[in-house]
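Q: coords below, sequence missing:
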């Protein structure tokens, strides 16, 4: 032990003495920083790392060579250091990515020709050391390392990517392992190393190549105009980078800050990352596994990591991978609940974009459509077109292609659950149905897929049951198949039966609506739209699988002519004339209809209550006040007792005609109320109440008149006797 301690002390003193003699003799500026960096970069690992007896790197100052950057290279270096990256913290990502590439290369070499690799037993790992006292950041790897020539070639020349050259060499050789290895190589631009100059005013690199009998070297630069090279000793295989941090970058000497950055950008690199001896990236990149190999427990754990949710499990887990036409690996989760429903504000997109397991952008925009913003996940692709800083996407067309592939996959998975796991599907429709409605209204390309994922109440189902349009059609076709067969040619010419719907505040109101009378009498199913967006959805879709979406409040329902006339042409003319004369400009049309069974009249082809409510809100926001009631179309039930009684009243004296006019006005207003057009205590509503009072008075007068007439008749009979 004493011998080891003496050797270590002698090495340190020799190193310091060499530096002092260099300073005294005014040696090259490249070595001048060693008095600062050697002291702060003494290798010391805990029991997690490698040997703690490893000596610090030593440099022979007599062999230091100074090199100048080319003029254009010097200018580019200044751009890289000051303008290329939007955030200083990404220098950690760049250096970790470079280290991971170096480790990936040596791992490949160990599998193909392990005899050529020096120190093959050394753990493949990345170690980061922060030193607040000396204001330094150190990162080292046990990867492929660099020779003197490679240091000059890779660090002395900006935008020369050693990783890219390595992959190209494997491709040229046609090596069997090149595919998997190249998939894991991150670097491609050759500028990541220089990101260190964003935070440091001096960088020293110690590197030793994997090749046996290849000496170690030191590279040093202040990033201004030159760099220095010198042989070094006590350097193990790999590369060690020591950054002397600037005063405005002292936060990067904090281990907690570096842990945060590593977990943000490099949490899924394929090698252990130690920060001051503690491994910080224990989570594996789940999306790189085959979807069939991922367990439910793994999905739950990964969902909780991505969503910062330590309790819930995902509703749906969608793992997907494809190699053509785009190389893509992804995992997307549907959370168990919609947090927008609880007034927690608009959900922020939570899908992150990775390239070879390195974060490119969190909450990436324009990948998935906005109506899928509730989804949580990861997308990884080596085909992502990045700019030089790996922060911006350059080919929006390719990004849209990726988004289309993922969107289709998500929608098809959810639709599949309608038959495979109906309970979960109905839970999804309840939680996220409004997002699907939003998508129908915004996304014309996907509207037909989205509407399949919305569930509606129906007159054919129980109170708490819902149906999709696909299921509605299946029941309709089953009913059609049980009917008597018809001529094939006539069947082709026959238009498909529409899908019917009604808008109402709730199911109970819908079932009491006169608009359902005809449908109920014929046993036709009607969807009940209780969501304020549903009718807009129906208008937007218009036709689903060749069937029109028709409101039962429209005149498109049609009449089934049974060949009988409910009243004579004369009575019809008198009745319709009276409605038109009494209501005047309030009407566009009045006609008889047999669609009603127990109601006297209804308004058709009008804006629904939900639409009118939306229009009223917009009108009030613009300071326009209450919406006027436009001229409307009225359908009249000729078999209703009130309508039948109107005919003789219209042919009687003037008093009876006046009374009939009051009844007509009230019938029209009643139809307005049922249609949801007259909903507020406005002038029309006040008139309605006054008219009801008048009708009540007329009824009482009619009773009094009848009693008086009966009394007179009795007196006449008595006198006659």
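A: Noted; the coordinates are in hand. Keep in mind that what you see is a predicted model, and the values were worked out from it rather than measured.
Q: From here on, just use CA atoms for contacts and neighbour counts.
A: Fine.
Q: Skipping its backbone neighbours, what lies nearest the residue most central in space within the chain in space?
A: Centroid-nearest residue in the chain: residue 373, 2.7 Å away (criterion: CA atoms, centre = their mean). Distance criterion CA to CA, 6 or more residues apart in numbering; nearest residue to residue 373, sequence neighbours excluded, is residue 349 at 4.6 Å.
Q: Surely the residue nearest to the centre of the chain and residue 346 touch.
A: No - Residue 373 lies out of contact with residue 346 (CA atoms under 8 Å); the separation is 9.1 Å.
Q: beta partners of the nearest residue to residue 215 once chain neighbours are set aside?
A: Using CA to CA, 6+ apart and skipping residues adjacent in sequence, the residue nearest residue 215 is residue 208, 6.4 Å away. Bridge pairing for residue 208 (DSSP bridges) gives the partners residue 238.
Q: okay, now residue 208: neighbour count?
A: Residue 208 has 30 neighbours, counted by other CA atoms under 10 Å.
Q: Renumber starting at 12 from here on
A: Sounds good: first residue 12 from here, last item residue 219.
Q: Let me see the contact set for the residue nearest to the centre of the chain.
A: Residues counted as contacts of residue 384 (CA atoms under 8 Å, 6 or more residues apart in numbering) are 358, 359, 360, 361.
Q: wait, isn't the residue nearest to residue 384 in contact with residue 377?
A: No - at 9.8 Å, residue 360 and residue 377 do not qualify as touching, with contact defined as CA under 8 Å.
Q: Same drill for these two, tell me which one is more crowded.
A: residue 360 (22 against 12).
Q: What score does the more buried one have for pLDDT?
A: At residue 360, the model reports a pLDDT of 89.
Q: Okay, it and residue 349: tell me how far apart.
A: In this view, residue 360 and residue 349 are 13 Å apart by CA to CA, to the nearest Å.
Q: ok, now residue 649?
A: Counting by CA to CA, the separation of residue 649 from residue 349 is 50 Å.
Q: between those two, who's got more neighbours?
A: Neighbours were counted for residue 649 and for residue 349 using other CA under 10 Å; residue 649 has more, 22 against 18.
Q: From residue 677, how far off is that one?
A: As for residue 649, its distance to residue 677 is 17 Å (criterion: CA to CA).
Q: now the helix or strand that contains residue 108: mean pLDDT?
A: Residue 108 belongs to helix 101-124 when assigned by DSSP states H and E. Mean pLDDT, helix 101-124: 91.
Q: Only the buried residues of it, if you could.
A: For helix 101-124, the neighbour count (16 or more other CA atoms under 10 Å) marks 101-120 as buried.
Q: Can you tell me what sits against it?
A: Contacts of helix 101-124 (CA under 8 Å, 6+ apart): 128, 131, 135-137, 150-156, 174, 188, 192, 195-198, 203-204, 206-207, 209, 221, 249-250, 269, 272-273, 276-277, 280-282, 369.
Q: which of these count as buried?
A: So, by 16+ other CA under 10 Å, the buried ones in the contacts of helix 101-124 are 128, 131, 135-137, 150-156, 174, 192, 195-198, 203-204, 206-207, 209, 221, 249-250, 269, 272-273, 276-277, 280-282, 369.
Q: can you tell me which of those residues are in strands?
A: Within the buried ones among the contacts of helix 101-124, residues falling in strands by DSSP state E are 137, 150, 151, 152, 249, 250, 369.
Q: got the phi/psi numbers for the nearest residue to residue 376 once chain neighbours are set aside?
A: Once flanking residues are discounted, residue 376 sits nearest to residue 360: 7.4 Å by CA to CA, 6+ apart. Dihedral angles of residue 360 (phi, psi; degrees, to the nearest 10) stand at phi -50, psi 130.
Q: Ok, residue 71 next?
A: When read as degrees, to the nearest 10, the backbone of residue 71 gives phi -90, psi 100.
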